[in-house]
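In: Sequence first, then the predicted structure, then my questions.
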Amino acid sequence: MTKVSITVDGVLHESEVEPRTLLVHYLREQVGKVGTVVGCDTSSCGACTILLDGRSAKSCSVLAVQADGSSVTTIEGLAGDEWHPVQAAFKECHGLQCGYCTPGMVMSAVDLLSENPNPTEAEIREGLEGNLCRCTGYHNIVKSVALAA
Ligand code: FES
Ligand code: FES
């Protein structure tokens, strides 16, 4: 076991993890952040996307030990007293159906908009390229990100 210190949604957690523990499993099973979900475990779907030191990352492709000393933001840490503008825009534009991809979509969109606050539709689609949705056809997701921008 290895000791790691990771700040998750503003709270410092000091934990023992196995060297092979994936960050997504650490977040869900040791910190209880079950809003971050596993869709594939092969770095393909983006459902597990979180912000790692402010940049989006697929938490199934990062070991917990690699995040030692870092700050992680999950979907559960995004909102304050009110929803984050990206969350509110997804609601407004019906940017979700079953909702399984939504945490990852939202976190990727937050990163995209922090880099490019006024993206074109093509830039939104490119920015969300690593996130798969089996329900929506993507149209309302793209509209949501445009509204949030
Ligand atoms: Fe991480 Fe699919 S669970 S990319
Ligand atoms: Fe169902 Fe995207 S809303 S997978």
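Out: In hand now; what should we look at? Ligands and ions are numbered 1, 2, ... in the order given.
In: C-terminal to the helix or strand encompassing Glu123, what's the next element?
Out: Element membership for Glu123, per DSSP states H and E: helix 121-127. Note on helix 121-127: by DSSP H and E, the next helix or strand toward the C-terminus is helix 139-148.
In: can you tell me if that following helix touches ligand 2.
Out: No - Helix 139-148 stays clear of ligand 2 (CB under 6 Å from any ligand atom), getting no nearer than 7.7 Å. Any C-beta I mention is one placed from the backbone N, CA and C, and that applies to glycine too.
In: CA atoms of that helix as CSV?
Out: Included here for helix 139-148 are C-alpha records, laid out as CSV according to Å, rounded to 0.1, in the frame of the first residue of the first chain:
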residue,chain,number,x,y,z
HIS,A,139,-27.1,17.8,-30.8
ASN,A,140,-28.5,19.0,-27.5
ILE,A,141,-25.2,18.5,-25.7
VAL,A,142,-23.5,20.8,-28.2
LYS,A,143,-26.4,23.3,-27.8
SER,A,144,-25.9,23.1,-24.0
VAL,A,145,-22.2,23.9,-24.2
ALA,A,146,-22.9,26.8,-26.6
LEU,A,147,-25.4,28.2,-24.1
ALA,A,148,-23.0,27.9,-21.3
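In: Residues touching the helix holding Glu123, excluding its own?
Out: For helix 121-127, the external contacting residues (CB atoms under 8 Å, 6 or more residues apart in numbering) are 108-109, 111-112, 116, 119, 138, 142, 145-146.
In: just those residues now: which is nearest Ala57?
Out: If you rank those by distance to Ala57 using CB to CB, Asp111 comes first, at 8.9 Å.
In: tell me the phi and psi of the closest one?
Out: With angles defined as degrees, to the nearest 10, Asp111 shows backbone torsions of phi -70, psi -50.
In: give me the element the residue nearest to it when sequence neighbours are not counted is part of.
Out: Computed as CB to CB, 6 or more residues apart in numbering, the closest residue to Asp111 that is not its neighbour in sequence is Ser56, at 3.7 Å. Secondary structure here is read from DSSP H and E; on that basis Ser56 sits in strand 55-58.
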